[in-house]
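J.: Provided below are the primary sequence and the corresponding predicted coordinates.
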Amino acid sequence: MAFIADIGTVLRLTPQDDLQIASHDGVWDFCDDRTPFDFRVQGHLYDGQLFYGLFGPVLSGPSRYEGLICNILVRTDATDWRTETRSQVNFKVGRGVVTRDHRQHFGHPDGTRLEGFPRISRFGEVEVVGARPSTHPPTIELAGARLRPLRVVYDTDALYAYLRDPAVTELTAYPAVSVEMVDAMIRRSAIRWYAGELGKWAVALPHDDQLVGTCGFNDWSPVHRWAELAYDLAPAHWGKGLMRQAVAAALEWAFRQDLVDRVHAYVRVDNRRSQGLLECTGFVREGCLRSFRVGRGVAHDFYVYGLLRPDWAAQQGAAGGA
């Protein structure tokens, strides 16, 4: 059963008062339109540790909402959206995600800011109408390996065993590697998947399920529909095409799940092996970011590589026709 706060849930919002529509600064109007519209929850709104709302793209409804983001805000009652399927809400619909204005309580109309126009706001009722399939990672079989979810505790020793090898981290921005750091990385990825966000997989051998690498996404913006790709592999498995398979599988899953329109990766300018991997999987070098990241006390330049959905789709079509 889906609840209001679940990432991926489709909610229907029915306005219960005249809409207030701002077309530009100082110009607004009221519209008596109570037609419902649907949107999908893609993220939570927090003020520090305080949860105060949700946001996500509008999926259907009157044309005035087309292409906009709906933000719903907790009212001042005792509602708990983690366990409820229907609730009264304040809402703001516009080009982006609201931010807090601490001069007012978040339940006040001026307690949040929304940049750009149009801005459509008022209050209404939301109810759960559907849930998107879970974004928890599937196990994906490769030739001679598999992508599977990272396992807290179980994978720590294997990941630490090769990340402490300077050959693996010397051309990256990794800090000094410790068991505690590796354990925190795995837990962070597990938490991201659990929250409905994109994370990383283990690259594991099929005969013993032993981790020999990781591949997936360090960061994800559901609003802007991009993800940051990242990967690492034990040196004993370099040069076998294993990570190329893993990257291709992770990209295919993310694009086919309709979670992203762009994937990018950051690679040190002297990391030729990683640059070659990205280029052979269709990424385009988009520029150089000077002194972008600090690795073990030294700032380094990084290339940014990007892959857009249309380019990925064209590659798939070309491969299918070959």
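T.: Cool, the structure landed.

J.: can we go C-alpha only for contacts and neighbour counts from here?
T.: Will do.

J.: which strand residues bridge the residue most central in space within the chain?
T.: When the chain is reduced to its mean C-alpha position, the nearest residue by Cα atoms, centre = their mean turns out to be Trp220, at 2.6 Å. Under DSSP bridges, the beta-bridge partners of Trp220 are Ala227.

J.: swap in His300?
T.: Where His300 sits in a bridge, its partners, by DSSP bridges, are Arg293.

J.: so what's the residue count around it?
T.: Using other Cα atoms under 10 Å, the number of residues around His300 comes to 19.

J.: is it in contact with Arg290, as I believe?
T.: Yes: distance between His300 and Arg290: 6.9 Å, which falls inside the contact criterion (Cα atoms under 8 Å).

J.: who does Asn71 form a beta bridge with?
T.: With DSSP bridges as the rule, Asn71 is bridged to Phe55, Lys92.

J.: spatially nearest residue to Pro138 (excluding sequence neighbours)?
T.: Closest residue in space to Pro138, ignoring its immediate chain neighbours: Arg148 at 6.6 Å, by Cα to Cα, 6 or more residues apart in numbering.

J.: same check on Tyr46?
T.: Tyr52 (5.8 Å).

J.: shouldn't that neighbour be in contact with Val74?
T.: Yes: here Tyr52 reaches Val74: they are 5.3 Å apart, a contact under Cα under 8 Å.

J.: which neighbours do those two have in common?
T.: Phe106 (Cα atoms under 8 Å, 6 or more residues apart in numbering).

J.: compare these two (neighbour count), which wins?
T.: Neighbours of Tyr52 and Val74, each counted by other Cα under 10 Å, are more numerous for Val74; the result is 21 against 17.

J.: residues contacting the more buried one?
T.: Counting by Cα under 8 Å, 6+ apart, the residues that Val74 touches are 52-53, 89-90, 106-107.

J.: farthest pair in these?
T.: Val89 and Phe106 (11.9 Å; Cα to Cα).

J.: quickly list what's touching both of these two.
T.: 73-74.

J.: still on that earlier bit, which of the contacts of Val74 fall in strands?
T.: 52-53, 89-90 (DSSP state E).

J.: which single one of those residues is nearest to Trp226?
T.: Gly53 (22.0 Å).
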